[in-house]
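Engineer: Below are the sequence and a predicted model; questions follow.
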Amino acid sequence: QLVESGGGLVQTGGSLRLSCAAHGRTVSRYAMGWFRQAPEKEREFVAAITWRGDTTYQTENIKGRFTVSRDNAENTVYLQMTSLKSEDTALYYCASRTASYSTTSSRAEDYDWWGQGTQVTVSS
């Protein structure tokens with residue numbers, strides 16, 4: 001299973017680091033993604049990283065503020081979030097593409113292994 005952690009309540013301008021730990025399967029060869037879903041909104045792509053560390057970001061709203069990274073030895077992916085805004089409030093999901101050495105994708109349907117999510121709430 002994929003287990004997200006690190007969410008919480010933070011003030012505008014603050015930072016959080018989300019973690020996604022994989023259990024029961026090694027994800028070192030998989031592309032991993034972060035998605036988020038705010039209340040009454042569609043799930044949206046945030047960022048993704050290939051098995052070797054190439055990254056892709058949803059540039060419109062998060063450019064320069066979020067950084068995705070991974071530690072294959074720890075079987076964990078991270079999302080460092082800075083300069084948080086109220087519009088970043090959402091349930092954040094980690095997901096994995098389970099085809100080895102796949103590219104990143106911004107489409108949720110391309111990921112077939114999902115975590116339960118961790119809540120991020122940004123207050124003004």
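Structural biologist: That came through fine.

Engineer: Which parts of this protein are strands?
Structural biologist: For the chain, applying DSSP state E gives strands covering 2-5, 8-11, 16-22, 32-37, 44-49, 55-57, 66-71, 76-81, 90-96, 113-114, 118-123.

Engineer: For residue 57, which non-adjacent residue is spatially closest?
Structural biologist: residue 47 (4.8 Å; CB to CB, 6 or more residues apart in numbering). Heads up, the C-betas are built off the backbone N, CA and C, glycines and all.

Engineer: How about the contacts made by the one you found?
Structural biologist: Applying CB atoms under 8 Å, 6 or more residues apart in numbering to residue 47 gives the contacts 33-34, 55-58, 62, 66-68, 79.

Engineer: Tell me the confidence at the residue nearest to the spatial centre of the chain?
Structural biologist: Nearest residue to the geometric centre of the chain (CA atoms, centre = their mean): residue 34, 2.4 Å. For residue 34, the pLDDT comes out at 97.

Engineer: Could you do the one 3 residues further on as well?
Structural biologist: The predicted local distance difference test score for residue 37 is 97.

Engineer: shouldn't it be in contact with residue 89?
Structural biologist: No - assessed by CB atoms under 8 Å, residue 37 is found out of contact with residue 89, at 10.6 Å.

Engineer: Now do the contacts for the nearest residue to residue 33 once chain neighbours are set aside.
Structural biologist: Of all residues not flanking residue 33 in the chain, residue 48 sits nearest, at 3.9 Å (CB to CB, 6+ apart). Residues near residue 48 by CB under 8 Å, 6+ apart: 31-34, 55-56, 68, 104-106.
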